[in-house]
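Visitor: quick one, what's the 3D model for this:
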Amino acid sequence: MKKTAFVGFGEVNTPKDVIIKKCKQAAEELQAEGLDLITVYPVTDDYEEKDVKSAIEALKGKDFDSIVICIAGWIPTHAVVKVCEQYKEKPMVLWGLCGWIEDDGRLVTTADQAGTSALRKTFHDLGYTFKYVYDIIGKKSGASKVAAFCDAASAAKKLRSAKVGMAGYRDMNLYGTLYDGSSLKRVVGPEIETFEMLEMQQRYEKITAEAKNEVIEKAMSKWTFLKEAKREGMEMAAGYYLAVKEIIDERGYDAISLKDVDGMKKLCGFPPAPIFMLLSDEAKVSTIPENDCLGNVTQLMVRYLTGQCGAYLEFYEFFEDRVLAGVPDYVPAEVTEGATQVLPAAFGELSEGILNVSKVKTGELTMCRLFTEGGKYYMHMVKGEGITPRKWEECGWTQPAPQLPGLEILLEDTEKFAQNVMCQHYIISYGDNTEKIANLCKILGIEII
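Guide: Next up is the predicted model:
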């Protein structure tokens, strides 16, 4: 659960029971949104600053990801800043509550927005990382917005200790999948560790037939085979999965990528689609092919914010009002419509592999990609509607060519998206997650495109 400090403020001359009642209700609303709160209220501007000192002492030594500064009434700026300065490195929410309407129609206010309007620019000038939320009489409270920002703060904290495993590096000598380790650590937080494919191969050779068979019977048996696959291919998939999983478990990787075309396919003679499927569905790590470093990091950002796996799609065609996005290998079971369907197939000169041909779930989705330019990080993000694609195929597959997993994604402005596209791989999540992603980017200092 996300740990958040909640500090409620109100001016010393405002009836204390009113401030307490308002703060208590606000805190309960945040708890209903899933936040684990450390509550301190009411904090006033008493002359001897007893409340300020008490609040600082109450939070001392506590571990929390963010801090909610709840303004339940007018409060002189200095009383709030003296608390906030102790935790200025933490993401904050400046939340102004509101007044109420009595039965006879009278509006009663504790001047909450007098307090927040005095504080908003002060927070900005002091360099705090914060979101400003204010309530409106008669409308739904801002608790969900506050909680969303606190969730993003918890995601930012997780990213600081996240680890990505990269088997090999720079598949196909691509440029768009590269990364700079120092700036990535400084701005976003994850560590990308490269391990040699030789280590994976050495571990693979030690995997027993019994271990491979267990994976086939317990995990791969869940798949629907549209045509019988060679036993040898299934054993290779299970063996490489177990070899990579050993490395993941030992080193605590949260995401993984494998050198695909110039690695698994060229050197090991085995297309890695079923390995990625097992890693995603059974080991529960984020997966993307072709050493896509920032693709992996984008997946972790999406996963920590939404709880979704953050599947990747790549672009095949642009149309006036949509893009055709699909994958030439696999999709996680989480994003499939119905059963996971697989088919033994070969592409060009590559050896036969187990290809995922599942249908992808349709619906509202958010598509995004982290990228860097001149040492600065940006997030390209767009909301769209995924619909079932027309019948299509990628030229080069053994005939009859398989229908690859994919979506036609309707966009509001395809031309604008295309002119800003940053890579062939983008990460999808279902629903409108633009605000959640924007919150995280605000905390990390990443500009949204």
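Visitor: show me the chain divided up by domain.
Guide: Segmentation of the chain into domains, based on automatic domain parsing, reads 2-159, 161-448.
Visitor: Serialize the ones you listed to JSON lines and add fields for mean pLDDT and mean neighbour count.
Guide: To be clear about C-beta, it is placed using only N, CA and C from the backbone, and glycine gets the same treatment. Converted to JSON lines, those look like this (pLDDT from 0 to 100; neighbours: other CB atoms under 10 Å):
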{"stretch": "domain 2-159", "mean pLDDT": "96", "mean neighbour count": "18"}
{"stretch": "domain 161-448", "mean pLDDT": "94", "mean neighbour count": "19"}
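Visitor: quick one: the strands in the stretch 51-200 of the chain?
Guide: With DSSP state E, counting those that start in this stretch applied, the stretch 51-200 of the chain shows strands at 66-71, 92-96, 100-101, 107-108, 130-134, 163-167, 191-195, listed in chain order.
Visitor: could the ones you listed be laid out in CSV, adding distance to Leu313?
Guide: Putting the strands of the stretch 51-200 of the chain into CSV (distance: least, CB to CB, whole Å) gives the following:
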stretch, distance to Leu313
strand 66-71, 32
strand 92-96, 33
strand 100-101, 48
strand 107-108, 51
strand 130-134, 30
strand 163-167, 19
strand 191-195, 22
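Visitor: between those, which one is nearest to Val7?
Guide: Ranking these by their distance to Val7 (criterion: CB to CB) puts strand 66-71 first, at 5.9 Å.
Visitor: direction included, what does that closest one pair against?
Guide: strand 2-9 (parallel), strand 92-96 (parallel) (DSSP bridges).
Visitor: switch these over to JSON lines; also include distance to Glu250.
Guide: Compiled in JSON lines, those are given as follows (distance: least, CB to CB, whole Å):
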{"stretch": "strand 2-9", "distance to Glu250": "28"}
{"stretch": "strand 92-96", "distance to Glu250": "38"}
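Visitor: quick one: which of these is nearest Thr298?
Guide: When the strands paired with strand 66-71 are compared by CB to CB, strand 2-9 sits nearest Thr298, at 21.0 Å.
Visitor: after that closest one, which helix or strand is next?
Guide: Remark: after strand 2-9, the chain's next helix or strand is helix 16-32, criterion DSSP states H and E.
Visitor: relative to strand 2-9, how tilted is that following helix?
Guide: 160 degrees (axes from the mean of the first three to the mean of the last three CA atoms, to 10 degrees).
Visitor: is Glu394 in a helix, a strand, or coil?
Guide: The three-state label for Glu394, taken from DSSP: H, G, I helix; E, B strand; the rest coil, comes out as coil.
Visitor: relative to Val323, how far out is it?
Guide: Look at Glu394 and Val323: by CB to CB, to the nearest Å, they are 15 Å apart.
Visitor: name the residues that touch stretch 50-68?
Guide: Outside of stretch 50-68, the residues that reach it under the criterion CB atoms under 8 Å, 6 or more residues apart in numbering are 2-7, 30, 38, 40, 42-45, 79, 82-84, 86-87, 90-93, 95, 146, 149-150, 153-154, 156-157.
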